[in-house]
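Chemist: structure, please.
(2 chains)
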Amino acid sequence: MNQPAKKVIVVGGGTAGWMAAAALGKMLPHACSVELIESAEIGIVGVGEATLPHLRAYLQTLGLDEAEFMTATHATYKLGIEFRDFGKPGDSYLHPFGDFGRPLNGVPFLQYWLRMRALGQGGEIFEYSMANVMAAAKRFALPASDPASLLSTIGYAYQFDATRFGPYLREFAEGRGVKRTEGRIVSVERDSETGDVAAVLLESGTRVEGDLFVDCSGFRSLLLGDTLGEDWEDWSHWLPCDRAMALPCASPPGEIEPLTRATAMAAGWRWRIPLQHRVGNGYVYSSAHLSDDDAAAAILGAVEGEPLADPRLLRFRAGRRKRSWSHNVIGVGLASGFLEPLESTSIYLVQAAITQLLELFPIRDIEPADRDEFNAQIDYEYDRIRDFLILHYHASTRDDSEFWNYVRHMPIPDSLADKIALFRRAGRIQRYAHGLFFEPSWIAVLIGQGVMPEGWDQRIAAAPPVELGQALDRLRGRIAVEVRALPGHRQTLERRNLL
Amino acid sequence: MSDRAIRSVAILGGGITGLSAAVAFARALPQVVITVIETAPDPAALADRLPGSMTSVHRFHASVGLDEAALLRVGAAIPRLGLRFENWPAGSETWFHVHGDHGAQTGTIAFHQLWARARRAGQAEAYHRYAAAAVLAEAGRFVHPQGDPGSPLAAFDYALRLDPDRYREVLASLADQLRVVRTQGSFAGVDRHGDGSAAALLLGDGRRIEADLYLDASGPAAVLAQAIGGEFEDWSSALPCDRLLLGEGPPRAVSPNDTIVGGAHGWQFVCPLPGRTLLGHVWSSSDPVPDREGRALIFRPGRRVDPWVRNVLAIGDAAVALDPLHWPNLHLAQSGIARALDLLPGRDCHPVEVAEYNRRSREEAQRMRDFQALHYLRAGASIEIPDSLARTLQQFESRGRLPTYDEDSLPDEIWLSALLGLGVLPREIQPLAAAVDSVAAATRMAEMRAGLAQLSARLPGFAEYLARAAASKN
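Modeler: Model prediction:
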């Protein structure tokens, strides 16, 4: 069991690099030493300001203090993602971090709602989500552990300044023995026999050897892509957006919305992420359908506050490397693949790769089976998120631009078509044992974008409609009343001394 | 869909499987007319004939409104804490397979990781000794799991042993209460619509039974499903046993366990019920047991590739045939029934829901096959290891990691109890777990053991507990 510690080289010091280094430094102090190489000359992408609730597990695992983290990154709370104008212009719905009602007699709540809806009652499904009603009221309180409380049905995430997350983690990681080396990598040395990466050479002439290389070099994919030439699986025919024009602006006065907003645009969509000190904005678009200048003009015209910088262009492609772990190189984050930030999944994907790496960290030599296992897990994650994203474009009746006409009509993966067909019949959702996007997420986006089940579970037929209607009204009423008693988002941030 | 909802269900087969389906459908869909055609029992319909269940039986009972205390009172059921494995693998020490927690996590590190390291160092008792259920099982004691979440008695589970005849009677009387129509008859054929779906069941006495949905619960011959079509996938390369001899013995001292005994020719089980003991011998025809061959039940391990075709759904042995090891038969039958209700289509039996049902069924059944195959592999049988089991073994043997499968109905604790009980000791543990100090871990393990060892002395014997429970309920 007393194996010599592995020397792990993390290439790149953005969000992915420091998340990986901090986790390895904290969790595997006996199994590895960690050195991170970053260059101040190379900027970081620093998008991914919006996160998913899973990030909380990362912080907890590392033992990081939430308040300290939120202060350091100017973070706000987030209850979900609001989608505007996706299904059709004028539409709006929230993908909330939380459940819709509760199952009754083993039958999902959605089914009771579908039944009442067929009778013209029951209102909107979104009225049964505590997280949704809280977000709409711009209120926020932490979840409760008492299962009787409606606050136990919510989850939350953060919106933060990603450029500050890396430095925050750097301090933590360096305190746990992670060595940071400043320098630009100019070449990569491979073992002539195995093809593994043996060392990277820095501009300064320094040669850095390692057993395991974690490629966090971003879109350049220095080791996994450039050096090993790992094949790319292109998904741009499903997700044609390939650029983003980012533009931070000043916060508007008043309440801070505890939500990220995605608003459909002529050639894509734009994000709006309220942080403590500013609002992050950006237009994600397809360059085949919109010029960069027009994108910049559009985002400048759309933001509500004073712009705090010039619009910044980002280029990307939707897809992933066929294998995220090849030889002794593990791609984490953008080096392994990219999915547009429509559902705030970028940091989640970094975290998923780190979690799998910790689980499958080599004990002696790298076992091909462990590598295959890692790649299979990452594939699940990417494929599921991909399908979920495509749904936002596919389930739309927008016909007001060439872009929307394309995405509305494009062929979709069979795996997604099956999920939609199953839901359309009677509101059933395929279940996963683990991974992202469980029932409530699919319900929110499907119903939010107008995919309405044609039928419902026959077990509901036995429930008397009058009593059922009353029970639903009571639940809606209770949520509305409880939310009115909650503090505003800003007030909660202030009370916790975060603002 | 309400106007296209299923109005009637005809169930072929009146054994435990068919009646389970009848009461579950009747309870969930009181507006549906349900008819059970009680055909002559097929001796090879193991879900109808065996006494074993898994812990999922409680869920089934809750869904149909069957009270465990009432089942105990009429002698239809008796709790089972575990399976006592003797000589499996050959020559190994006796071990217990039980449900529920084994040990406790250290932070996010699973107990079995730390146990495996200590075991390699010769510093751990058998894995089951860290499970409350197994400690009680080994001491012949029993209580129901206790509510207080801090108590070691909160985190275990148990299954039920069923007296097949009495359990069937309970289901039959519940079916009657729920206005299920039960009628005796024999299967003579099926009338089909132009699209190949069933239009009516034809019975031996000339009756025609029409329904929107037909369930084939007739046993492994699956006469109805077979008439509609579909293939059978043979699993004998992974599961060697295909012969079963059932017997009965005089009552034995009641025990909270069933006993499984490995041997030279297959294996045997002993299942003590109130008033009698059910015995079984399971073996492979490729390794025949000379004096028993003629009297044996013949079965063929495998599954219908599509248990649901058009408006005919095969459940129980008609869908999946497995030998009795770990009592998967009724578990899979009742799981299939619950799945059918979760995904019930309209009377058109739309291919979308049917395909989803078949997909989930396949994944669930394959994992059960893998689970049994693991036992035969460890007993030294030469089997073809399915890929999904090979993945589990590779990950577990190399680092104690258990890959998850979406539709696996066996919780991790069940797999771990079997893997470690069968002596699949991980070569190494995860680097994450290795970070936990081994001396501190050993101390914690010793404390756990001491706590559990004391526990059993304070608790009643199994017979005493059952008697007390019966007295207090009466």
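Chemist: list the buried ones in stretch A:318-336?
Modeler: Within stretch A:318-336, the residues that count as buried by 16 or more other CB atoms under 10 Å in any protein chain shown are A:318-321, A:323-336. Yep, even glycine has a C-beta here, placed from its N, CA and C like the rest.
Chemist: can you check stretch A:476-487 too?
Modeler: Within stretch A:476-487, the residues scored as buried using 16+ other CB under 10 Å are A:476, A:479, A:482-483, A:486.
Chemist: closest to A:Phe423 out of the residues you listed?
Modeler: A:Arg476 (22.9 Å; CB to CB).
Chemist: spatially nearest residue to the closest one (excluding sequence neighbours)?
Modeler: For A:Arg476, ignoring the flanking residues on the chain, the nearest one in space by CB to CB, 6 or more residues apart in numbering or on different chains is A:Glu127 at 4.8 Å.
Chemist: list phi and psi for the one you found.
Modeler: Dihedral pair for A:Glu127: phi -70, psi -10, per degrees, to the nearest 10.
Chemist: for the closest residue to A:Lys88 other than its chain neighbours, what are its contacts?
Modeler: Leaving aside its sequence neighbours, A:Lys88 sits nearest to A:Thr397 (CB to CB, 6+ apart; 4.8 Å). Residues near A:Thr397 by CB atoms under 8 Å, 6 or more residues apart in numbering or on different chains: A:87-88, A:408, A:450.
Chemist: what ranges of chain B fall below the confidence cut-off?
Modeler: B:1-3, B:473-474 (pLDDT under 70).
Chemist: and the closest residue to B:Ser438 other than its chain neighbours, how many residues sit next to it?
Modeler: Closest residue to B:Ser438 apart from its sequence neighbours, by CB to CB, 6+ apart: B:Arg117 at 6.3 Å. For B:Arg117, the tally of surrounding residues (other CB atoms under 10 Å in any protein chain shown) stands at 22.
Chemist: where does chain A dip in pLDDT?
Modeler: A:1-3, A:44-48.
Chemist: identify the residue of it closest to chain B, quick one.
Modeler: Nearest residue of chain A to chain B, counting by CB to the nearest CB: A:Gly455, 2.4 Å away.
Chemist: mind checking which of the buried residues of stretch A:476-487 are in helices?
Modeler: For these, the ones inside helices are A:476, A:479, A:482-483, with DSSP state H as the criterion.
Chemist: okay, the residues you listed in a markdown table with distance to B:Asp157 next?
Modeler: Below are these laid out as a markdown table (distance: CB to CB, whole Å):
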| residue | distance to B:Asp157 |
| --- | --- |
| A:Arg476 | 37 |
| A:Ile479 | 34 |
| A:Glu482 | 35 |
| A:Val483 | 38 |
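Chemist: A:Ala302 reaches A:Asn281, doesn't it?
Modeler: Yes - using CB atoms under 8 Å, A:Ala302 makes contact with A:Asn281 at a distance of 7.2 Å.
Chemist: now for those two: what residues contact both?
Modeler: Common neighbours of A:Ala302 and A:Asn281, counting by CB under 8 Å, 6+ apart, are A:Arg270.
Chemist: between the two, who's got more neighbours?
Modeler: Neighbours of A:Ala302 and A:Asn281, each counted by other CB under 10 Å, are more numerous for A:Asn281; the result is 25 against 15.
Chemist: so that one sits in a strand?
Modeler: Yes - using DSSP: H, G, I helix; E, B strand; the rest coil, the secondary structure at A:Asn281 is a strand.
Chemist: which residues touch it?
Modeler: Going by CB under 8 Å, 6+ apart, A:Asn281 touches A:246-249, A:270-273, A:299, A:302-303.
Chemist: 7 Å - rerun?
Modeler: A:247-249, A:270-272, A:299, A:303 (CB atoms under 7 Å, 6 or more residues apart in numbering or on different chains).
Chemist: can I get these in a markdown table with secondary structure and neighbour count?
Modeler: Below are these laid out as a markdown table (DSSP: H, G, I helix; E, B strand; the rest coil; neighbours: other CB atoms under 10 Å in any protein chain shown):
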| residue | secondary structure | neighbour count |
| --- | --- | --- |
| A:Leu247 | coil | 22 |
| A:Pro248 | coil | 23 |
| A:Cys249 | strand | 20 |
| A:Arg270 | strand | 24 |
| A:Trp271 | strand | 25 |
| A:Arg272 | strand | 22 |
| A:Ile299 | helix | 23 |
| A:Val303 | coil | 22 |
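Chemist: related to what we said a few turns ago, in three-state terms, label the residue of chain A closest to chain B for me.
Modeler: Here A:Gly455 is coil, with the state taken from three-state DSSP.
Chemist: output the contacts of A:Thr397 as TSV; include the columns secondary structure.
Modeler: Listed next are these as TSV, based on three-state DSSP:
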residue	secondary structure
A:Gly87	coil
A:Lys88	coil
A:Arg408	helix
A:Gly450	coil
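Chemist: spatially nearest residue to A:Glu381 (excluding sequence neighbours)?
Modeler: A:Ala352 (5.0 Å).
Chemist: what number of residues lie near that neighbour?
Modeler: Around A:Ala352 there are 22 other residues, counting by other CB under 10 Å.
Chemist: and it, helix, strand or coil?
Modeler: Assigned by three-state DSSP, the conformation of A:Ala352 is helix.
Chemist: not counting sequence-adjacent ones, nearest residue to residue 209?
Modeler: As the question left the chain open, I've gone with chain A. Counting by CB to CB, 6+ apart, the residue nearest A:Glu209 is A:Ala199, at 4.4 Å.
Chemist: let me rephrase: I mean chain B.
Modeler: Spatial nearest neighbour of B:Ile209, chain neighbours left out: B:Leu201 (4.3 Å); criterion: CB to CB, 6+ apart.
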